[in-house]
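Participant: Sequence plus predicted model, see below.
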Amino acid sequence: MDRICYIDQRCEGIYDQFKPIKFQIGQKVFSVGPPGYLVPSEDIAPDQPGMCIIAFQPSPDVASGSYQIFLLGDTFLRNFYSIFDYDNHEVGLAVNVSSDKWSKIENATSPLIPYLMVMGITYLSCFVL
């Protein structure tokens, strides 16, 4: 399990020790609670059971500081239903019904902080279904 952030406990027992992770895209804030980003090790590495893996991982480029991007991959997208409209260069997102107990979409209460614009998706319009 080289280069994977993990906790040597079962995920179900530590959800209350973690806060939701929030991503602001445009004027929307996408919140993913601990059950949406803490993954049992059995799901990824069946030979190493009993641990909890933090599924959001830094990109090697971001960790080295050479690129200003953050990829919103499967850990983010499995919590939201997504529609990719290539013709209009838009992405539509709605809370996935299987994640609605820990994921939500809210209106932003403050302007987009420039640092958060490194998410790669900011070049697309984003609409909420």
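Facilitator: Done, it's in.
Participant: what are the ranges of the helices in the chain?
Facilitator: Shown for the chain, the helices assigned by DSSP state H span residues 34-37, 41-44, 60-64, 74-77.
Participant: Distance from the first one to the middle of the chain?
Facilitator: Chain-centre distance of helix 34-37: 9 Å, with CA atoms, centre = their mean, to the nearest Å.
Participant: now what about that helix, what contacts it?
Facilitator: The contact list for helix 34-37, computed with CB atoms under 8 Å, 6 or more residues apart in numbering, reads 11, 14-16, 18-21, 54-56, 75, 78-79, 99, 101-103. To be clear about C-beta, it is placed using only N, CA and C from the backbone, and glycine gets the same treatment.
Participant: Sort out which of those are in strands and list them.
Facilitator: Among the contacts of helix 34-37, the members falling in strands (DSSP state E) are Ile21, Ile54, Ser103.
Participant: From those, pick the one nearest Leu38.
Facilitator: Ile54 (6.3 Å; CB to CB).
Participant: What sits closest to that closest one if chain neighbours are left out?
Facilitator: Of all residues not flanking Ile54 in the chain, Cys5 sits nearest, at 4.2 Å (CB to CB, 6 or more residues apart in numbering).
Participant: Let me see the confidence value for that neighbour.
Facilitator: Cys5 is assigned a pLDDT of 73 by the prediction.
Participant: That one and Met51, how far apart?
Facilitator: Counting by CB to CB, to the nearest Å, the separation of Cys5 from Met51 is 10 Å.
Participant: Looking only at neighbour counts, state which of those two leads.
Facilitator: More crowded of Cys5 and Met51, by other CB atoms under 10 Å: Met51, with 19 against 12.
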